[in-house]
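Engineer: Sequence and predicted structure are below.
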Amino acid sequence: MAFGDRLTAAAVLDGLRQRAWSVLIVSAFVVLAAAGAAGPMFAEASDNAAFEARRQQIPLTARQTDAAVVRVSANVGPRSIDQEPILEDLRGVTGLSEPDLTGGSIGAELAAPQYWGFTVRAGDRRERGRFFAVGTPGAELVPTGRGQGDDGLWLPKPMADELGVRPGDRIELSLRRGARGTPRTTTTTVNGIYAVDPGGRLPADPPGTNKWALRQGDTPGDTEYETLPAYLLVGTVATVERLSGTVGDDIFWSVEAALAKGTTLADARRTADEVELLRRKYATRLPAEADDPMALRFASGIGRIVETAKTTTDAVRQRTRPVEWAATAIGLASVLAVALLSARRREREIRHAVAVGMSPPRVGGLWLLEHLVPAVLGAGLGWVVAWQLVDRLGPPGAIEESIKPAAQYSTGAALAGLVTVAAVGAAAAARRVRPAPPAVARRALPWGLMVVIAALVAAAGLASAGDSANGVDLLVPLLVLAAAGVVAGWLPGRLAGSRTRLPSSPGRAVLWLARRRLGAGGTERRLAVVVVTAGLGMLLFALSAVDSTDVSDEDRIAVAAGAEGVATIEGSWALDKTAVPVPRDSPNPPPLDQPVPGVHNPPLPPGSTMVWRTDVRTLLDDDQKDLLIIDPARFADVALWGRGADLAEARRAVADLAARPTDGGRARVIAVADPASADVDIVRMVAGSMDQYFTVAARVDAFPGMRGRPMYVTVTDPTLGLLGPEDPRLRPINQFLNSLFPTAFLWSSGGATGVHAVTQPAGVEPQRVSTAAQLRQEAAYVATDRARGYQVAIAGYLALLAVLTLCIYAQRTATLRRPTDLMLARVGLGRARIRRASAVEFVLLAAVSYAAAVAGVAALSPLGARLLDGQPGLLPRFVLRLSPDGLAITAGAAVVAIFLALALTSLSRTEENAYRDD
């Protein structure tokens, strides 16, 4: 075997022969590959979770244009066999279930305005009904009585009870066109009786299906009560076609198909595209005519569901992309750090290789081969780690199509790492081929200064940009934290001091040795501090981002919703049986600016309160503002208050308002997000006939129930009492509503259930009910929940990178210091003191990195809204806060790194091996 071949074979096998160093190399490639593979898997899982959640949110009463179905009704022929081309077209659409052929009576619509009457007769009893054909009535209906065979019709239970028939009985069908037309009749058998829905007309859906609910509005209507669906005489396609032909009815055929269960978002997108092509095909071939009852009807909500889910998942990706990109960048940086430390570790080997005539490309190629096996192992293990990470901690969506792309990304990341290692090896050899002349001092590349300048430029660019963060802006956190690491990398050298003599007391030698080694670390130590700081910082940044977005979303839901349930009602008097009526006809009416005797807030159960809102002007500017009138004692227990500082301040302001509602005879108000009142203590408000002065009690930036414009909050009695007969708590006479306060709200801490628990006993039907639960299903808020697990998981292996880097540095320094450690032990310092010195060194390095990481994330706080806020126009403003849990977890990661580093340096070695270059 040739010399080169032996080197090649040795290089391929040498990647796993370096003991602890091999483990570190594989770990670096595992983290890099996992960072690359996790993105596609998370994207698919997020897509599918959002899509499935959207499908589950579709109400049973939705129309087919909003549901995951396709329904094509086209006048392509009067017979059922004529629908075969449409059936074949839908069978050709991927992702759809087997299409069903249905048909409903359309004779009345075609005969209009001529009289058209269809009746079912049993003995001397008659009832109206319409034909409807399905594939298998017994399977698609909920039977309450059943006969044998399929040659007959199924009747709804109300009709069967009215006619007094049972399965097996004979009924007469009669259809008459025109007031003087001759009826055409036939007889058939009652094949079964089916249950109806709560509306009493349409068939009830069997458990697990909602076909009939989706057909609301698309079934034949009652010929007398036109706003109601008709009682349906349901039979097989063949039966209905035969009976309708006998009596002279016309059937309008439809083909229905549903999106298959378990369909992913990618499949649904392809299905939606094919359905849209099919729609255009039929629209071109059969143009719709609005006045034709048999015009083309094409209904499908698949595309709308897909777009809604895509909106949600885009918001999720906006949350996770900064951490994902940073994880990949740090993973590549870790492989680079391993390669650079390997170059320093194997400096003697590189000199020998150059001395025997090996070219730099040859050395780089050997390094690539040496790291090939670790890279392959890392790519495979990283793919598995990413898969399990997303599957267990990511969104609850299926991971199918991204398996292969994730493997490709994992392989690509590993290849990038291999190229990086080969480039470092070749560069290290090139420096030895043409060393600098002795007379010329070699100047080190100021990489630290370059990183700091890049971070400052990137941060300034992001801060001054006018739009949201995107592209390379998402790497600003990594650059800032790396810059913090560069600054921190100089601190250990400053901590070392200038003392070089061995202390006279062995007890003081531990600190002396630790300080001396900190000062002698050079570029390797600074690089290690940069990577450890970036890893710990990104862990803290991710955990703080998760916590801050949670707080922001809860606060914004509280501001937008106000309470768990809010109902708009006609007036508070509707819930108050003891409400005093408006004294319009009283012989001694009260003064207009005095409370009406007996007026009071409506008595409501705990967990609910009344709130009034109206538009006002303050004369401080020309803008309309909201005036919210509350009962502060009850309001504080009902409203949502989130977890942020802005709403906490608002809650304290409400408590102060409850303790002191007036000041010098004037009602006190809380000014909310109104800069016009910043310098005034007394505000005059005008609304209709109301013109009052208020004392500003507090100024806050956000408040529950805001509608996106400045607002004032005051208390009921001092404000409403001055309205006299205009007080909205008074019961109106002859339902003449108060025009000053047109909107009254019932707020409940129990959501919609709590609202109805108050309104139903009083016989009040709310005009509108909104809940915080509805807001929590919006895309931006779902994004926070979907992204949380993934961000935490990504943060976890960012911390692993920090641990890995400190371990690499520890292993490298332990190798270089073995001869020195042996000599120090022999001159009386002792192995125990040397180990303690290493412990002090690594503790100081980890502490400096941790402090720099905390400082870096704190420096990112002003940029947090630009990086993480998907809804920058909402209140309260997004603030990136350091998470207390994140600080503790990050400190724990630093402690783990210290213990593992010490474990690597405490491996026993023989004296002979101590003098060898590892």
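Structural biologist: That came through, no problem.

Engineer: and K310, what does it touch?
Structural biologist: The contact partners of K310, by CB atoms under 8 Å, 6 or more residues apart in numbering, come to D47, A50, L265. Where C-beta positions appear, they are placed from N, C-alpha and C, glycine not excepted.

Engineer: Among these, which lie within strands?
Structural biologist: Secondary-structure check on these using DSSP state E: no residue lies within strands.

Engineer: Can you pull out the low-pLDDT segments for the stretch 101-250 of the chain?
Structural biologist: Within the stretch 101-250 of the chain, the stretches falling below the threshold (pLDDT under 70) are 149.

Engineer: can you give me the strands in it?
Structural biologist: Listed in chain order, the strands of the stretch 101-250 of the chain (DSSP state E, counting those that start in this stretch) span 116-122, 125-128, 130-134, 143-146, 153-156, 170-177, 184-194, 232-236.

Engineer: Let's have the contacts of K310 in JSON lines, adding neighbour count and distance to P198.
Structural biologist: Formatted as JSON lines, the contacts of K310 follow (neighbours: other CB atoms under 10 Å; distance: CB to CB, whole Å):
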{"residue": "D47", "neighbour count": "28", "distance to P198": "36"}
{"residue": "A50", "neighbour count": "27", "distance to P198": "31"}
{"residue": "L265", "neighbour count": "25", "distance to P198": "33"}
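
Engineer: What is the nearest of these to A426?
Structural biologist: D47 (41.7 Å; CB to CB).

Engineer: Pretty sure the closest one sits against A398.
Structural biologist: No - the pair formed by D47 and A398 falls short of the contact definition of CB atoms under 8 Å, at 9.4 Å.

Engineer: joint contacts of these two?
Structural biologist: Common neighbours of D47 and A398 are listed as T264 (criterion: CB under 8 Å, 6+ apart).

Engineer: one step back: now, which of the contacts of K310 sits nearest R709?
Structural biologist: Compare each of these with R709 using CB to CB and the shortest gap goes to A50, at 31.4 Å.

Engineer: Give the rounded mean pLDDT of whichever strand or helix holds A752.
Structural biologist: Under DSSP states H and E, the secondary-structure element containing A752 is helix 751-759. Confidence over helix 751-759, taken as the mean pLDDT, stands at 92.

Engineer: Sort out which residues of that helix are buried, please.
Structural biologist: G751, A752, G754, V755, H756, V758, T759 (16 or more other CB atoms under 10 Å).

Engineer: same deal with stretch 57-72?
Structural biologist: I58, A62, R63, Q64, D66, A67, A68, V69, V70, R71, V72.

Engineer: OK, contacts around the last one?
Structural biologist: Pointing back at V72 there. By CB under 8 Å, 6+ apart, the residues touching V72 are I86, D89, L90, S254, V255, E256, L278, Y282, L296, R297, F298.

Engineer: Same list, those, but as JSON lines with secondary structure, neighbour count and distance to I330 please.
Structural biologist: Written out in JSON lines, the entries for these read as follows (DSSP: H, G, I helix; E, B strand; the rest coil; neighbours: other CB atoms under 10 Å; distance: CB to CB, whole Å):
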{"residue": "I86", "secondary structure": "helix", "neighbour count": "20", "distance to I330": "56"}
{"residue": "D89", "secondary structure": "helix", "neighbour count": "16", "distance to I330": "52"}
{"residue": "L90", "secondary structure": "helix", "neighbour count": "21", "distance to I330": "50"}
{"residue": "S254", "secondary structure": "strand", "neighbour count": "23", "distance to I330": "57"}
{"residue": "V255", "secondary structure": "strand", "neighbour count": "23", "distance to I330": "54"}
{"residue": "E256", "secondary structure": "strand", "neighbour count": "24", "distance to I330": "52"}
{"residue": "L278", "secondary structure": "helix", "neighbour count": "19", "distance to I330": "48"}
{"residue": "Y282", "secondary structure": "helix", "neighbour count": "18", "distance to I330": "54"}
{"residue": "L296", "secondary structure": "coil", "neighbour count": "18", "distance to I330": "57"}
{"residue": "R297", "secondary structure": "strand", "neighbour count": "17", "distance to I330": "56"}
{"residue": "F298", "secondary structure": "strand", "neighbour count": "21", "distance to I330": "51"}
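
Engineer: From these, pick the one nearest A744.
Structural biologist: Of all the contacts of V72, A744 sits closest to R297, with 42.7 Å by CB to CB.

Engineer: The closest one reaches V70, doesn't it?
Structural biologist: No - shown here, R297 and V70 do not form a contact pair, counting by CB under 8 Å, at 11.4 Å.

Engineer: tilt between the host helix or strand of A545 and helix 751-759?
Structural biologist: A545 belongs to helix 522-561 when assigned by DSSP H and E. With axes from the mean of the first three to the mean of the last three CA atoms, to 10 degrees applied, the angle from helix 522-561 to helix 751-759 works out at 20 degrees.

Engineer: and L575, how many neighbours?
Structural biologist: Residues near L575, counting by other CB atoms under 10 Å, number 22.

Engineer: In this structure it contacts P605, no?
Structural biologist: No - the pair L575 and P605 fails to qualify as a contact (CB under 8 Å) at a distance of 10.3 Å.

Engineer: overlap in contacts of those two?
Structural biologist: With contacts taken as CB under 8 Å, 6+ apart, L575 and P605 have V758 as neighbours in common.

Engineer: Residues contacting stretch 418-434, please?
Structural biologist: Contacts with stretch 418-434, where a contact means CB under 8 Å, 6+ apart, come from 332, 335-336, 338-340, 342-343, 347, 350-351, 353-354, 358-361, 363-368, 371-372, 375.
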